[in-house]
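Student: I'd like to go over a predicted model; first the sequence, then the structure.
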Amino acid sequence: MNIVLINPPSPCLNDDTIYTPIGLMSIAGAIRLHHNVSILDLTGGVEWGPLVEDMNADLVGITCVSPNFNVVADICNSIPDGIPIVIGGPHPTFLPIHTLRNTKCTSVVVGEGEVAINNIIGDIRCHIPLKPIYYGGIVEVDKIYPPAYDLIDLNKYNPTWATHGTTIQSSRGCPYNCAHCSKSTGRTYREIPIPRIMSQVEYLHSIGITDLLFSDDNFGVNRTRAMELLSELGRYDLRFRIEMDVRHADRNILELAKYVGCIEVAYGVESGNDDILRLMNKGTTVADNTEAIELTMECGINAKALLMVNFPGETEDTAGDTLKFVEDTTPDKVAVSAFVPMPGCDVYNNPDKYGITWLSNDYSDYYIFRRDIAANPCFTTEYLTIAKQQELHDTLYNGILGLGYDI
């Protein structure tokens, strides 16, 4: 069989070629054991119409996040009739019926895709009609195969801080339950065996990759394993970036990370106000965030604070506290996002609980980062009108720019 996996464009992003599609590449790694598979990469401003219209495949799989839903639906419409289309990823995981009703797809995958896609292929080979929904669930570690890096033009992708970099994943899932977060990889934390990770590192190093971006939701959940993996990374002359919960900002981990090439740790700080953090169910405090930022910089690693404005409950005072947090802690880097109640998160599932009075039905409004980040808020509360959200975002954003940050 000939299977084509499509990586769709992200029209509202300034650059949709920063992060390699690690999830799609892992699916390809599972398929290629028994079938021909290719990745049709439509990012980077590609004129995708002719590529899709001339497609020859026995099965097409498309990954879909909610902000890309409209373009995914357009791609489905352009695929030649008669080719089965399967959509997977976060949007169909949390909104399978919506996806089936509003696209030309044959089936959707709910959950992770490695096992489900092979079940779909098996049904096609046995001439069994495809089911509307295939449940992938949480894939066991032994079914998570090495990403098919060779099916992507790695020269096309590069994190902004990197010389020649790519994405790598050493674990899946996050054990925490933040109200603003939805995860198709689930809350079950799974560690990919270190020897398998190092085989990927060795391959990437051999083809000239000099920088790695770990896409793990939380690099430091298992302290002992983190230390072991870092020690192994020290065998190579690489730079890398990780993302970690502030609760795992351990001096020994950070000092070793610095020694073996870590140049940046990103922390989901979100807010400089403890009340907002409680509303988010973050399980962290402003003091925790401050300690992690300071410790990371003390260890000689760039600390990046990931901030969010306009979570329900935000006011001028709480947004001001977030700006003051940046002034007081002076992290090396800052990123600002506007809160979006993504399908699957507690806010989206329980809007009344958070005082939401309106949610957009146009999922192209659901971009967390976009060219004009506050242009189209996709929800309102009694206080957080569209105009108020734009005002609070611009106040925080411009305030951080005024501190000399390049965001």
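Tutor: Cool, the structure landed.
Student: Return the distance of stretch 245-263 from the chain's centre.
Tutor: 22 Å (C-alpha atoms, centre = their mean, to the nearest Å).
Student: With stretch 310-322 instead?
Tutor: For stretch 310-322, the distance to the chain centre is 24 Å (C-alpha atoms, centre = their mean).
Student: what mean pLDDT does stretch 271-279 have?
Tutor: Mean per-residue pLDDT for stretch 271-279: 98.
Student: Correction: the previous question concerned stretch 314-329.
Tutor: pLDDT averaged over stretch 314-329 gives 98.
Student: got the CA coordinates for it in PDB?
Tutor: Taking C-alpha atoms only, stretch 314-329 is exported to PDB below (Å, rounded to 0.1, in the frame of the first residue of the first chain):
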ATOM      1  CA  GLU A 314      -7.700  38.400  34.400                       C
ATOM      2  CA  THR A 315      -7.900  42.100  35.200                       C
ATOM      3  CA  GLU A 316      -5.800  45.100  34.700                       C
ATOM      4  CA  ASP A 317      -4.200  44.500  38.100                       C
ATOM      5  CA  THR A 318      -3.400  40.800  37.500                       C
ATOM      6  CA  ALA A 319      -1.900  41.600  34.100                       C
ATOM      7  CA  GLY A 320       0.100  44.300  35.800                       C
ATOM      8  CA  ASP A 321       1.400  41.700  38.200                       C
ATOM      9  CA  THR A 322       2.600  39.600  35.300                       C
ATOM     10  CA  LEU A 323       4.500  42.600  33.900                       C
ATOM     11  CA  LYS A 324       6.000  43.200  37.400                       C
ATOM     12  CA  PHE A 325       7.100  39.600  37.500                       C
ATOM     13  CA  VAL A 326       9.100  40.100  34.400                       C
ATOM     14  CA  GLU A 327      10.600  43.400  35.800                       C
ATOM     15  CA  ASP A 328      11.500  41.700  39.100                       C
ATOM     16  CA  THR A 329      13.000  38.400  37.700                       C
END
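Student: Would you mark the buried spots in that stretch?
Tutor: Residues E314, T318, A319, G320, D321, T322, L323, F325, V326, T329 are the ones in stretch 314-329 that count as buried (16 or more other C-beta atoms under 10 Å). Just so you know, the C-beta spots here come from the backbone N, C-alpha and C atoms, and that holds for glycine as well.
Student: Contacts only, for G220.
Tutor: Contacts for G220 (C-beta atoms under 8 Å, 6 or more residues apart in numbering) come out as A226, I242, M244, D245, H248, A249, D250, I253.
Student: Am I right that the third one is in contact with N218?
Tutor: Yes: the criterion here is C-beta atoms under 8 Å, and M244 meets it with N218 at 6.1 Å.
Student: Just the C-alphas of stretch 157-166, formatted as PDB.
Tutor: The C-alpha trace of stretch 157-166 is given here as PDB (Å, rounded to 0.1, in the frame of the first residue of the first chain):
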ATOM      1  CA  TYR A 157      12.900  23.500   9.600                       C
ATOM      2  CA  ASN A 158      15.000  25.300  12.200                       C
ATOM      3  CA  PRO A 159      14.200  26.700  15.600                       C
ATOM      4  CA  THR A 160      14.900  30.400  15.700                       C
ATOM      5  CA  TRP A 161      17.800  30.000  18.100                       C
ATOM      6  CA  ALA A 162      19.500  27.100  16.200                       C
ATOM      7  CA  THR A 163      22.200  26.800  13.600                       C
ATOM      8  CA  HIS A 164      21.000  23.500  12.200                       C
ATOM      9  CA  GLY A 165      18.400  22.000  14.500                       C
ATOM     10  CA  THR A 166      15.400  19.700  14.700                       C
END
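Student: contacts for that stretch?
Tutor: Residues from elsewhere that reach stretch 157-166 (C-beta under 8 Å, 6+ apart): 17-20, 149, 154-155, 167, 204, 208-213, 239, 241, 263-264.
Student: which of these are buried?
Tutor: Neighbour counting over the contacts of stretch 157-166 (16+ other C-beta under 10 Å) leaves 17-20, 149, 154, 167, 204, 209-213, 239, 241, 263-264 as the buried ones.
Student: ok, back up a step: list just the nearest of the contacts of G220 to G45.
Tutor: Closest to G45 out of the contacts of G220 is I242 (29.7 Å), distances taken as C-beta to C-beta.
Student: A strand includes the closest one, no?
Tutor: Yes: judged by DSSP: H, G, I helix; E, B strand; the rest coil, I242 forms part of a strand.
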